[in-house]
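1. Give the three-dimensional model of this entry:
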Amino acid sequence: MSTPLLWRVLTTVDRGFVGLSGRLRVTGDIPPHLRGRPLLLASNHIGNLDPFVLIAACHKIGVAPRFLLAGGLLDAPVLGPLLKASGHLRVDRASASVGEAYHRAVEALRATGDPLAVYPEGGISKEPGLWPERGKTGAARLALSGGVPVIPVSQWGAHEAVYWGTTRLGGVADLKPYLTSYVAGLFRRPAFRVHFGAPVDLADLADGRPGDARRAHERIMRAITAGLVPLRRDEPDRPKFHDPTRPTTGHSPWRPGAV
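-> Residues are numbered from 1 along each chain as shown. Down below sits the predicted model:
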């Protein structure tokens, strides 16, 4: 299955948008023997702009990932049809058919050579230091059920481009934090750092065996965190950039030194 034309066009537009918004720096790569076969890209989630940064980083190394998205995004007016036409996949985590959704994702992975991008955390991190949250085992189960290799992707810097904002848009006033922070970011031009790590070793784990999904998830999250450490070496505790709109709750079990 070839990459949809619409998605190729949108990724090109995305490169220009990300280039305008900041300075993209990409390290690591996807091994040649994993290209053109089913593959998961599991990334940390630090801000509203990081999906765009991830797409641009993938474009830079020559891949065009699809995303595993919550059903609400695919049902949205205008945006939803564009995402569907671009080949992105749906998962409704709260529905009884979540198992079927992952099965469809596995089949889609087998039918295309494009990687599937997933956020194991399930949302933007609210952890005070912006380290990865605990997350859920969905990506791990998907990898195990499909025998799909996992590349950990670590991101830093995209949180500086635009504020966390609000979970609810009730009017034009709610857009102000996004717009003002983005315009300010255009002048700062933050560095967007993205690192593609080595494949996570899941060879000794099996789909359906008790505890293996949790073990796979832990390995994936620790690999993402290991790649994140050098990206934020001068910010080991908390981000220097202060976003007054981002909730800071919770605790990261993956944070270096966490117990």
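
2. show me what contacts the nearest residue to D207 once chain neighbours are set aside?
-> For D207, ignoring the flanking residues on the chain, the nearest one in space by CB to CB, 6 or more residues apart in numbering is L144 at 4.1 Å. No exception for glycine: its C-beta is placed from N, CA and C like everyone else's. For L144, the contacting residues are L202, L205, A206, D207, D212, A213, A216, by CB atoms under 8 Å, 6 or more residues apart in numbering.

3. okay, now P177: neighbour count?
-> Neighbours of P177 under the rule other CB atoms under 10 Å: 17.

4. That one contacts R246, doesn't it?
-> No. Counting by CB atoms under 8 Å, P177 stays clear of R246, with 10.2 Å between them.

5. Now the common contact residues for those two.
-> Common neighbours of P177 and R246 (CB under 8 Å, 6+ apart) are Y163.

6. Show the average pLDDT along the strand or helix carrying the residue nearest to D207.
-> L144 is located in helix 138-146, with elements delineated by DSSP states H and E. Average pLDDT, helix 138-146: 89.

7. Over to stretch 5-19?
-> 89.

8. Give the buried residues for that stretch.
-> Judged by neighbour count using 16 or more other CB atoms under 10 Å, the buried positions of stretch 5-19 are W7, L10, T11, D14, R15, V18.

9. With distance to Q155 and secondary structure as extra columns, can I get these in a markdown table?
-> A markdown table is the format used below for these (distance: CB to CB, whole Å; DSSP: H, G, I helix; E, B strand; the rest coil):
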| residue | distance to Q155 | secondary structure |
| --- | --- | --- |
| W7 | 21 | helix |
| L10 | 20 | helix |
| T11 | 17 | helix |
| D14 | 15 | helix |
| R15 | 16 | helix |
| V18 | 12 | helix |
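
10. Mind telling me the two of the residues you listed farthest from one another?
-> Using CB to CB, the buried residues of stretch 5-19 span at most 15.8 Å, a distance reached by W7 and V18.

11. remind me which residues of this protein are low pLDDT?
-> 1-2, 69-104, 108-109, 112-113, 167, 169, 259 (pLDDT under 70).

12. Strands along that one, start to end?
-> With DSSP state E as the criterion, the chain has strands at 23-28, 40-43, 66-70, 89-91, 116-118, 150-156, 191-196.

13. count of residues packed around H251?
-> By other CB under 10 Å, the residues close to H251 number 13.

14. any idea where the helices of the stretch 101-250 of the chain begin and end?
-> Secondary structure of the stretch 101-250 of the chain by DSSP state H, counting those that start in this stretch: the helices cover 138-146, 176-188, 212-231.
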